[in-house]
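Trainee: Quick one, structure for this:
(one chain, ligands or ions: 1)
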Amino acid sequence: MREAEVVVLGAGVAGLTLARLLWEGGRSVLVVAEALGEASRPPVALVNPLRGRRFTLAEEGERALEAALAFYGRFVSLHLEVYRPVPERERDQVAKRLGGLRHRWEGGGVVLEEAFWLEPRPLLERLARGVPLLKGRVLAWEPPYLCLEGGERVRGEILVYAGGGRGAHLLGLGGRHVPGLVLTLLDYFPRAISYRVYLAGSALGGSYLSEGEGPDPPPPTKGEVAWLLEGAEALVGYRPQVASAWRGVRFRLPAQGEGLPYLFPVEGGYALTGLGSTGFLYAPLLVGRLAGKL
Ligand SMILES: Cc1cc2nc3c(=O)[nH]c(=O)nc-3n(C[C@H](O)[C@H](O)[C@H](O)COP(=O)(O)OP(=O)(O)OC[C@H]3O[C@@H](n4cnc5c(N)ncnc54)[C@H](O)[C@@H]3O)c2cc1C
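Mentor: Presented below is the predicted three-dimensional model:
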């Protein structure tokens, strides 16, 4: 039986950010996961504290961006600046929502100078480098043990759940599973452009569907692809050519009272999950807080 002081279930951006930080700090840590990330494997991820159509500043968005800039830059290139066209009639409203974020107005929009995009797949691989990782499927959460398929058990003085939507049933966590689609393109957009949909690197993404059945990715729908391409055309004046598509499912926990709902105590340890479409934004901030508790 393998054991460690801290056993982390999940090797997505949440689990690996935590495991990396603990491992670098000399702590005894073991990650147990079926694969390197699940929702954490889009072709690109935007780290942008201004969210959604209304461009609302995410809770603790400035602090989260600061932590993300400091952490991810050690592992992958950060492609700084997100450009957001702002229709004339919305300018005053948007200006009020920018908080203390560094920005400048350019042409018909605003440039967020410290927001960025990165490539999640090399990030996950680099975060995992050197960190003890056991590949396997966890069937039960029985503190201080995780019980794996095949009968193996792993023991942790503290267990941390970072298993996203796929493993949420292990803890009986009720959240929403929201499918998302990212098209990869033949074109390359060095600076992210975001308004309804986003273009960044060779990716085109956006949130079309609002609810799915569970953690298994459904096939892309026709309406979804057309909606993404129309959104891209509105941003750059033509329909980019599509090379392939990546489907993932976000897992979102509902807000519960005050504060971010993604880090909370559970039997045997903690859970860091339910990050919806903000996993890359919040992971370094929340992991910093969790590491302080461990
Ligand atoms: C289409 C799409 C686009 C996105 N774009 C962005 C973006 O631009 N910016 C952003 O910040 N976020 C984005 N997100 C959201 C972000 O990807 C998620 O918030 C984040 O990846 C969640 O990470 P996680 O570590 O919690 O979970 P996951 O990445 O899902 O990782 C879960 C881990 O747990 C393991 N696991 C689960 N159950 C078990 C089990 N029973 N046994 C063993 N292992 C198990 C899995 O193998 C995996 O390693 C996007 C998501 C999607 C779907």
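
Trainee: From now on I want contacts and neighbour counts done on CA atoms only, so please keep to that.
Mentor: OK.

Trainee: Correct me if wrong: Leu170 contacts Trp141.
Mentor: Yes. When contacts are counted by C-alpha atoms under 8 Å, Leu170 is listed as touching Trp141 (6.1 Å).

Trainee: From Pro179, how far off is Val249?
Mentor: To Pro179, Val249 is 4 Å away according to C-alpha to C-alpha, to the nearest Å.

Trainee: Mind listing the shared neighbours of these two?
Mentor: Listed contacts common to Val249 and Pro179 are Pro217; contacts here mean C-alpha atoms under 8 Å, 6 or more residues apart in numbering.

Trainee: Walking through the chain, point out its helices one by one.
Mentor: With helices called from DSSP state H, the chain shows them at 13-24, 61-72, 91-97, 120-128, 222-236, 279-293.

Trainee: got the angle between the first one and helix 61-72?
Mentor: Going by axes from the mean of the first three to the mean of the last three C-alpha atoms, to 10 degrees, helix 13-24 is angled at 60 degrees with respect to helix 61-72.

Trainee: And the fourth one, by the same measure?
Mentor: In this structure, helix 120-128 runs at an angle of 70 degrees to helix 61-72, with the same axes, to 10 degrees as the basis.

Trainee: Helix 120-128 near the ligand anywhere?
Mentor: No. Figure legend: helix 120-128 not in contact with the ligand (C-alpha under 6 Å from any ligand atom); closest approach 8.5 Å.

Trainee: same thing with the last one?
Mentor: Yes. If you take C-alpha under 6 Å from any ligand atom as the test, helix 279-293 does meet the ligand, through Gly279, Phe280, Leu281.

Trainee: any chance of those in TSV, with pLDDT too?
Mentor: Formatted as TSV, the entries for the residues of helix 279-293 next to the ligand read as follows, by pLDDT from 0 to 100:
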residue	pLDDT
Gly279	97
Phe280	98
Leu281	98
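
Trainee: OK, contacts around Tyr270?
Mentor: Shown in contact with Tyr270 (C-alpha under 8 Å, 6+ apart): Ile158, Leu159, Val160, Tyr161, Leu263, Phe264.

Trainee: who in the stretch 51-200 of the chain is up against the ligand?
Mentor: Residues of the stretch 51-200 of the chain lying close to the ligand by C-alpha under 6 Å from any ligand atom are 136-139, 162-164, 166-167, 179-182.

Trainee: can we see that at 5 Å?
Mentor: With C-alpha under 5 Å from any ligand atom as the criterion, the stretch 51-200 of the chain meets the ligand at residues Arg137, Val138, Gly163, Gly164, Arg166, Gly167, Gly180, Leu181.

Trainee: and the two most separated of the residues you listed?
Mentor: By the measure C-alpha to C-alpha, those have their two most distant members at Val138 and Leu181, which lie 27.2 Å apart.

Trainee: Do a quick rundown of the strands in the stretch 151-294 of the chain.
Mentor: With strands called from DSSP state E, counting those that start in this stretch, the stretch 151-294 of the chain shows them at 153-161, 176-195, 197-206, 242-252, 263-266, 269-272.

Trainee: Make JSON lines out of the ones you listed and add mean pLDDT.
Mentor: Formatted as JSON lines, the entries for the strands of the stretch 151-294 of the chain read as follows, by pLDDT from 0 to 100:
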{"stretch": "strand 153-161", "mean pLDDT": "98"}
{"stretch": "strand 176-195", "mean pLDDT": "95"}
{"stretch": "strand 197-206", "mean pLDDT": "96"}
{"stretch": "strand 242-252", "mean pLDDT": "95"}
{"stretch": "strand 263-266", "mean pLDDT": "96"}
{"stretch": "strand 269-272", "mean pLDDT": "98"}
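
Trainee: returning to what we had before: let me have the residues of the stretch 51-200 of the chain next to the ligand in CSV, extended by neighbour count.
Mentor: Output for these, formatted as CSV (neighbours: other C-alpha atoms under 10 Å):
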residue, neighbour count
Arg137, 18
Val138, 23
Gly163, 29
Gly164, 31
Arg166, 18
Gly167, 21
Gly180, 25
Leu181, 25
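
Trainee: got those residues as JSON lines, with distance to Lys222 columns?
Mentor: Rendered in JSON lines, the data for these read as follows (distance: C-alpha to C-alpha, whole Å):
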{"residue": "Arg137", "distance to Lys222": "33"}
{"residue": "Val138", "distance to Lys222": "35"}
{"residue": "Gly163", "distance to Lys222": "30"}
{"residue": "Gly164", "distance to Lys222": "27"}
{"residue": "Arg166", "distance to Lys222": "25"}
{"residue": "Gly167", "distance to Lys222": "29"}
{"residue": "Gly180", "distance to Lys222": "13"}
{"residue": "Leu181", "distance to Lys222": "11"}
